[in-house]
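>>> structure of the sequence below:
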Amino acid sequence: MGGFPVAGQTLEKIGRTTGWTAGPVHGTCVTITDSTSGFTFICQDTVDAGSDHGDSGSPVFIWQTSSTISPMGVLWGGTNFGTQFIFSHWSNIEYELGDMEFLP
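This is a model prediction of the structure:
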């Protein structure tokens, strides 16, 4: 997997609504309170790239080569009128759900 995100590092996602977008990591391990549900999410990451309703569940990754990516996590929300997305890093997902395995 792609390790932990670093501020300024470029991450990408492919969403159902907005398609393929990429941008720099804006915040790492930040606490975010969802304005709709009121739930607080600890140690989430934000990326300055487009997203919109329907993109939730999109893979977030680092593009390594023309045929290789490193998965980073799963997009679950956005802020700033669609100019920033929020995702959960794989380590946080594994903490909640247990070990995961990626197959080619």
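>>> Ser58 contacts Lys13, correct?
Yes - if you go by Cβ atoms under 8 Å, Ser58 and Lys13 touch, sitting 4.7 Å apart. All C-beta spots, glycine's among them, are computed from the backbone N, C-alpha and C.
>>> which neighbours do the two share?
51, 75 (Cβ atoms under 8 Å, 6 or more residues apart in numbering).
>>> contact partners for Asp55?
Taking Cβ under 8 Å, 6+ apart as the test, what Asp55 contacts is 13, 15-18, 75, 78, 85.
>>> er, Trp76 I mean
With Cβ under 8 Å, 6+ apart, Trp76 has these contacts: 56-57, 86-88.
>>> please give the element, helix or strand, for it.
Under the criterion of DSSP states H and E, Trp76 resides in strand 68-79.
>>> repeat that for Tyr95.
Going by DSSP H and E, Tyr95 is in helix 90-97.
>>> could you check the angle strand 68-79 makes with that helix?
70 degrees (axes from the mean of the first three to the mean of the last three Cα atoms, to 10 degrees).
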